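Enquirer: A predicted structure for the sequence below; I have some questions about it.
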Amino acid sequence: MFSNLLKHIDLIQTNKDNILDTWMNYQVVQERLNQNNFNILFFKEKFAVKVFDFAFGVVKNKHEVGECPVIGVMLILFKKKNIPLSDIFIICVHLKNALLHFFDDNAILDEKTIKELSILMDYNFEGVITEYVKLYYNDSREISKKESNTCSTIQTSERQEKKTPLPKEETLSCTTAKEYIEEVNVDMSLIDELHELESDTLNAIDADEILCANSLSESSNLFEQYAKVLNTLYEFEELSYTLTILKDLLINTEFDTIDKETNYIIGIYLKAIISDLQSWRMSIFITKEAEDIHYLDKTLLSSIAQLQITLMPTDEGQEDEIEFF
């Protein structure tokens, strides 16, 4: 499908940094990220690079179009910050523009390249928009439902009182913990190690009146180990990546500059996330009683995203840093 792009894949990948810099240097991209208080360098390092790698992994037939777990994590973070869909479209579409400029500068912009690039980017953009709309739609629809009720069927009728068209009927399939454990090869010794790390981390946090280096180190280590385990399980790649981002933020955050109230809030979120991870680990791998292995995904991803926003770098001094050339 992408034979022409594949022909130039070495040139594209060699110039990945230049293409990403072009994307981040579009004035409108910087404006949309800045006006939503989203640090540009953070976006480039945590999302833009991964989106680029995934897209050209599709070209090399390593991935399917629209199945990028990083995009799911990015959209949850965008939603937490209430970034408008129009801004997301502008930010995303400029990756395509950056690639078009690169192809033109290197005299490889022909009809075939344009066609293949359009298929690659447009279908991914469609997936981004569909997923973002679904995130907002599902939240408003499930406001009065319990978090564990994830196996419902979305109805196709209109809500007459609001005249709001609903998405097409979509049945969410559920895999029970028992079914899942029978299907995958899990190193239970790694799962058991997580239990000890959870206890050590919670004890460290509880021992600190104010979060200190020890409790933060324990937390980042726990999240790193969870991410490593989850990264071996295809079904939990999103959760793995968002924990990796959280681990990096914990390591790089200068906590001595954080006020006492924010420090306290971070501690609350850390304990809530660890508690949820404990429940998830137990119900999936130990008791195997979960009726849906994804029953806690939304809560975990939401809590982690909220803490990521709290820890994300500010834009102070960014004006001198965002010129990549």
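Expert: That came through, no problem.
Enquirer: please identify which helix or strand holds the nearest residue to K44 once chain neighbours are set aside.
Expert: Once flanking residues are discounted, K44 sits nearest to M24: 5.2 Å by Cβ to Cβ, 6 or more residues apart in numbering. To be clear about C-beta, it is placed using only N, CA and C from the backbone, and glycine gets the same treatment. With elements taken from DSSP states H and E, the one containing M24 is helix 16-25.
Enquirer: ranking helices and strands of this structure by mean pLDDT, which lands last?
Expert: Here the helix or strand of the chain ranked lowest by mean pLDDT, DSSP states H and E is strand 153-154, holding a mean of 35.
Enquirer: neighbours of D110, how many?
Expert: D110 has 10 neighbours, counted by other Cβ atoms under 10 Å.
Enquirer: how close does the nearest residue to it once chain neighbours are set aside sit to I108?
Expert: Spatially, and ignoring its direct neighbours in sequence, D110 is nearest to N4 (7.7 Å; Cβ to Cβ, 6+ apart). With distances taken as Cβ to Cβ, to the nearest Å, N4 is found 9 Å from I108.
Enquirer: kindly report the same for Q308.
Expert: Q308 is 38 Å from I108, where distance means Cβ to Cβ.
Enquirer: ditto for N15
Expert: From N15 to I108 the distance is 11 Å (Cβ to Cβ).
Enquirer: could you do N124 as well?
Expert: Distance of N124 to I108, computed by Cβ to Cβ: 21 Å.
Enquirer: the two: which is more packed in?
Expert: Between N124 and I108, counted using other Cβ under 10 Å, N124 has the larger neighbour count: 22 against 16.
Enquirer: now do the same contact list for the more buried one.
Expert: A55, V58, V65, G66, C68, I71 (Cβ atoms under 8 Å, 6 or more residues apart in numbering).
Enquirer: give the contact list for the second one.
Expert: The one in question is V58. Applying Cβ under 8 Å, 6+ apart, we find V58 in contact with F2, E64, V65, L120, N124.
Enquirer: low-confidence ranges, the chain, go.
Expert: Scanning the chain for pLDDT under 70 picks out 66-67, 137-173, 315-325.
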